[in-house]
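Q: Task: produce atomic coordinates for the following.
(2 chains)
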Amino acid sequence: AQSVAQPEDQVNVAEGNPLTVKCTYSVSGNPYLFWYVQYPNRGLQFLLKYITGDNLVKGSYGFEAEFNKSQTSFHLKKPSALVSDSALYFCAVRSSTSNTGKLIFGQGTTLQVKP
Amino acid sequence: GAVVSQHPSRVICKSGTSVKIECRSLDFQATTMFWYRQFPKQSLMLMATSNEGSKATYEQGVEKDKFLINHASLTLSTLTVTSAHPEDSSFYICSAIKQGASYEQYFGPGTRLTVT
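A: Numbers count the residues shown, from 1 in each chain, chains lettered A, B, ... in the order given. Below you'll find the predicted structure:
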């Protein structure tokens, strides 16, 4: 069965410090991996994706993520956090063999960046 | 761009009535749209997959007679919550896959439904 785990309900970091939001996955076939951010009472905004190619993926707002096949992980990172990065972050996966396009979402991680 | 809109953004209805939520892809054609439900501070729960011109595919445990989905065109899908009850109160989010570019889902801003 396909699944995504975000082991941390909340991550707290001081502004200016690096941040990491963790994600591990389980999928049959090759994974397509995504990160989305959600602000209160809003839909999801796309941050970045890994389909194939370089394991280090750069996305919007200075975020990046590294695909690690051996550890089945796709952690989201940013070198220097901003207070405005505070939001709910979702990792999602779909299998390359899926013909439905359905995404499996993690449970979400709340990022709190303090001034 | 790839913009998805939802209407209304917020709706309050009385128990027993029905409410329709629209999901539109504004600048692209969407062969597939998805409907999600989200409870406060929780993840998205996929309700159904909506394909243009065919019946929606519902996830296990989702009542298709209660949550009617219509995908009549390549830019519009609708979700109708029939005979709504307070437990149907939730945040409903749609997403769309761009025709010919199947990797990404583009999400609408969501609709907050409150049933009194």
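Q: Quick one: the strands in chain B, in order.
A: Using DSSP state E, the strands of chain B run over B:4-7, B:10-13, B:19-25, B:30-38, B:44-51, B:57-58, B:67-73, B:76-81, B:90-98, B:101-107, B:111-115.
Q: what comes up buried for the fourth one?
A: By that I understand strand B:30-38. Buried residues in strand B:30-38, counting neighbours by 16 or more other CB atoms under 10 Å in any protein chain shown, are found at B:30-38. From N, CA and C alone the C-beta is placed, and that goes for glycine too.
Q: of the strands of chain B, which approaches residue A:35 most closely?
A: strand B:101-107 (11.7 Å; CB to CB).
Q: got the contact list for the closest one?
A: A:32, A:34, A:36, A:43-46, A:49, A:51, A:101, A:103, B:2-4, B:25, B:28, B:34, B:93-98 (CB atoms under 8 Å, 6 or more residues apart in numbering or on different chains).
Q: Show me just the buried residues among those residues.
A: Buried, going by 16+ other CB under 10 Å: A:32, A:34, A:36, A:43-46, A:49, A:101, A:103, B:2, B:4, B:25, B:28, B:34, B:93-98, out of the contacts of strand B:101-107.
Q: ok now the lowest-mean-pLDDT helix or strand in chain B, how far from the chain's centre?
A: One helix or strand of chain B scores below all others by mean pLDDT, DSSP states H and E: strand B:101-107, with a mean of 80. Centroid displacement of strand B:101-107 relative to its chain, using CA atoms, centre = their mean, to the nearest Å, is 15 Å.
Q: so that strand versus strand B:44-51, what angle?
A: 130 degrees (axes from the mean of the first three to the mean of the last three CA atoms, to 10 degrees).
Q: Strand B:101-107 pairs with which strands, and in what direction?
A: strand B:90-98 (antiparallel) (DSSP bridges).
Q: show me what contacts the closest residue to residue B:18 other than its chain neighbours?
A: Spatial nearest neighbour of residue B:18, excluding adjacent residues (CB to CB, 6 or more residues apart in numbering or on different chains): residue B:82 at 4.7 Å. Residues near residue B:82 by CB under 8 Å, 6+ apart: B:18, B:65-68.
Q: what's the answer for residue B:31, then?
A: So residue B:31 contacts B:51-52, B:74, B:97, B:99 (CB under 8 Å, 6+ apart).
Q: Closest one of those to residue A:23?
A: For these, the nearest to residue A:23 is residue B:97 (21.7 Å; CB to CB).
Q: Would you confirm that residue B:30 contacts residue B:52?
A: Yes: here residue B:30 reaches residue B:52: they are 7.4 Å apart, a contact under CB atoms under 8 Å.
Q: overlap in contacts of those two?
A: Contact criterion CB under 8 Å, 6+ apart; residues shared by residue B:30 and residue B:52: residue B:74.
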